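1. Quick one, structure for this:
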Amino acid sequence: MPIALKLFGDLRKKVDPKVSGTLPLRLKIDDPEITWVSDILRKFMIEENEVSHIFVNGRFAGFRKKVSRGDTVALFPKNMGLLYKWYFKREEDE
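-> Presented below is the predicted three-dimensional model:
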């Protein structure tokens, strides 16, 4: 089972410049070299400073959060920032 990736806002255009509408871009990633959220960013040439919030399986996470097959990863751009960083602890594995 691959990793499900949801890209929101401007991050959608990093993968598909022709995308329109407001729904997240949904992708399936079946790449054995992806271990961390940061590997996903690198795969799609997304810089850390372009990302505001990350969720792995619905939980607020960071760039050093491990991901496994079957996980769902959601990436939000800076212009869609939320107040999570003040109220929730970010989960990381490193």
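2. Touching, Lys78 and Glu48? I think so.
-> No: counting by C-beta atoms under 8 Å, Lys78 does not reach Glu48; the two are 10.6 Å apart. From N, CA and C alone the C-beta is placed, and that goes for glycine too.
3. can you pull the contacts of the closest residue to Val15 other than its chain neighbours?
-> Distance criterion C-beta to C-beta, 6 or more residues apart in numbering; nearest residue to Val15, sequence neighbours excluded, is Phe44 at 5.6 Å. By C-beta atoms under 8 Å, 6 or more residues apart in numbering, the residues touching Phe44 are 7, 14-15.
4. What is the longest helix belonging to the chain packed up against?
-> Ranked by residue count, the top helix of the chain under DSSP state H comes out as helix 37-43. Where contact means 3 or more C-beta pairs under 8 Å, 6 or more residues apart in numbering; DSSP states H and E, helix 37-43 is packed against strand 51-56, strand 72-77.
5. then the last one to PDB, C-alphas only?
-> Included here for strand 72-77 are C-alpha records, laid out as PDB according to Å, rounded to 0.1, in the frame of the first residue of the first chain:
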ATOM      1  CA  THR A  72      -1.400   9.700   4.800                       C
ATOM      2  CA  VAL A  73       0.700  12.900   4.700                       C
ATOM      3  CA  ALA A  74      -0.800  16.300   4.200                       C
ATOM      4  CA  LEU A  75       1.300  19.400   3.400                       C
ATOM      5  CA  PHE A  76       0.100  23.000   3.800                       C
ATOM      6  CA  PRO A  77       1.900  26.000   2.300                       C
END
